[in-house]
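Peer 1: give me the fold of what follows.
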Amino acid sequence: MKIVMVHNLQRGGAHRRMSEQVAHLDLPVTEVTFEGSDPVTSNPVVVPLVHRGSRPHPIARPVTRYLDLLSLMQSYRQLGEVVRQHSPDVIWMNPCHILQSMWLPEDLAQQSVYYCDEPRRTDYEVALKGSTKIRTRVPYWPLRRISRHLDRSTIAHIPTIATNSTYTAGQIQQAYGRQSEVVRCGVSAQFRPPVADDPRDHLLSVGSLIPTKGHDLVITAAGRSGLGLPVLVASHRSDPLEEARLHEIAQKVGVALDIRIGVSDDELVELYQTARVTLYLSHAEPFGLVSTEAQACGSPVIVSDEGGLPETILPGITGWAVARDPDRVAEKLATFADVRVAARFGDAAAAHASMWSWSESAGRLRTLMSELAER
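Peer 2: Residues are numbered from 1 along each chain as shown. This is a model prediction of the structure:
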């Protein structure tokens, strides 16, 4: 079975999921992606993509955004030609960090299995739809309409859609009117409990430096919990404005804050293993690899009770799913004042996470591809 995998992803949860599935698929895969993405195979086909930058002068910004969309569509046409040249039996489509769904012509879409980590949330979530600035609504209205159309046009012709959680499957049904197969994520073998009883001397929050990830809620809750533990925030990329905001919050609530950028997986494992609790208070997270990877390292977790995160834990055994409210979070944090309680939860968390398998995830995906190829 000849598989061509297409994506336009940079490092993050969806990228990690895709790279793990590729590694466990046990089939040759030709990767076709765009310049500026992060490839996951040793010999990817990289299609040029002109991007004029995300921070032009405000006066020129609307024109730049439209020109960038035009460049993106030109690159998509080239990508489609590259895919055709490889004559695949199945196209394994993954997201585009610009459009959400990759744009493919109808005939290629009909050959595709799409792993949809989430719908295009800016079009379907009320809170995000209403968050656009008033002054940008008119100049960007056509751009948003075109992007929404491109996202939906490919989805309409794809025969098989896979996703990460029951929650996301429901969101896909609401957004696109399409059913999807839940192909659950796994946990890499490098995420494992500590060999020795290391001190659990900090609280950990992992994720992009954006407000919806809830780092500010973690810091505020830590200050109200009475634990007196420092908060570590681990993120792939820096954002000076958000970092300054988080440090200001930490200073107000009397919490020692350490923000670490570009943390490697080995460093992340160590942070999980030595965390009293890992908190992941993201808004409507589709799944949440942070939760499962933290549990695999023997860390109890406190997650938001939104999205797919509640599906990743055993409530009261490996952690808690709570409302995104600092007082509610602080209340649960206080239960881990005794390190023996944290250790008991951590042991249960590691046992629970051992059931999340990337081999099973890739095997289920391989079955979906085979079924499509045999039609």
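Peer 1: mind listing the helices in this protein by residue range?
Peer 2: 13-24, 61-85, 106-109, 121-124, 126-129, 134-155, 166-176, 215-225, 240-253, 265-273, 289-296, 326-334, 339-353, 358-373 (DSSP state H).
Peer 1: you'd agree residue 105 is up against residue 80?
Peer 2: Yes. Using Cβ atoms under 8 Å, residue 105 is in contact with residue 80, at 5.5 Å. Every C-beta, even on glycine, is put in place using the N, C-alpha and C of the backbone.
Peer 1: of the two, which one has the most company?
Peer 2: Taking neighbours as other Cβ atoms under 10 Å, residue 105 and residue 80 compare with residue 80 leading, 20 against 16.
Peer 1: how far away is that one from residue 5?
Peer 2: Distance of residue 80 to residue 5, given as Cβ to Cβ, to the nearest Å: 14 Å.
Peer 1: do the same with residue 73
Peer 2: According to Cβ to Cβ, residue 73 and residue 5 sit 21 Å apart.
Peer 1: okay, those two: which has more neighbours?
Peer 2: Per other Cβ under 10 Å, whichever of residue 73 and residue 5 has more neighbours is residue 5, with 25 against 14.
Peer 1: residues contacting that one?
Peer 2: 18, 22, 29, 30, 31, 32, 41, 91, 92, 93, 94 (Cβ atoms under 8 Å, 6 or more residues apart in numbering).
Peer 1: how about a cut-off of 6 Å?
Peer 2: Applying Cβ atoms under 6 Å, 6 or more residues apart in numbering, one finds that residue 5 lies in contact with 29, 31, 92.
Peer 1: redo the residues you listed as TSV? Include pLDDT, distance to residue 239 and neighbour count.
Peer 2: Formatted as TSV, the contacts of residue 5 follow (pLDDT from 0 to 100; distance: Cβ to Cβ, whole Å; neighbours: other Cβ atoms under 10 Å):
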residue	pLDDT	distance to residue 239	neighbour count
29	97	33	17
31	98	29	22
92	98	32	29
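Peer 1: run a quick neighbour tally on residue 175.
Peer 2: Neighbours of residue 175 (other Cβ under 10 Å): 20.
Peer 1: residues near residue 215, how many?
Peer 2: Using other Cβ under 10 Å, residue 215 has 30 neighbouring residues.
Peer 1: and residue 122, by the same measure?
Peer 2: Around residue 122 there are 15 residues (other Cβ under 10 Å).
Peer 1: residue 327 now?
Peer 2: For residue 327, the neighbour count with other Cβ under 10 Å is 12.
Peer 1: same question for residue 230.
Peer 2: Neighbour tally, residue 230, other Cβ under 10 Å: 15.
Peer 1: please apply the same query to residue 247.
Peer 2: For residue 247, the count of nearby residues is 14 (other Cβ under 10 Å).
Peer 1: ok, the residue lying closest to it once chain neighbours are set aside - contacts?
Peer 2: Nearest residue to residue 247 in three dimensions, chain neighbours excluded: residue 257, at 5.9 Å (Cβ to Cβ, 6 or more residues apart in numbering). Taking Cβ under 6 Å, 6+ apart as the criterion, residue 257 is in contact with 231, 247, 250.
Peer 1: measure residue 257 to residue 327 for me?
Peer 2: Taken as Cβ to Cβ, the span from residue 257 to residue 327 is 20 Å.
Peer 1: thinking again about what came up before, so can I have TSV of the contacts of residue 5 showing distance to residue 200?
Peer 2: As requested, these are arranged in TSV below (distance: Cβ to Cβ, whole Å):
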residue	distance to residue 200
29	40
31	40
92	40
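Peer 1: so which of those comes closest to residue 189?
Peer 2: Taking Cβ to Cβ as the measure, residue 189 lies nearest residue 29 of those, at 20.6 Å.
Peer 1: can you pull the contacts of the closest one?
Peer 2: With Cβ under 6 Å, 6+ apart, residue 29 has these contacts: 3, 5, 22.
Peer 1: run a quick neighbour tally on the last one.
Peer 2: Other residues lying near residue 22 total 20 when counted by other Cβ under 10 Å.
Peer 1: cool, and residue 70?
Peer 2: Residue 70, neighbours per other Cβ under 10 Å, totals 11.
Peer 1: quick one: pLDDT of it?
Peer 2: With respect to pLDDT, residue 70 scores 93.
Peer 1: which one among the contacts of residue 29 gets closest to residue 100?
Peer 2: residue 5 (17.0 Å).
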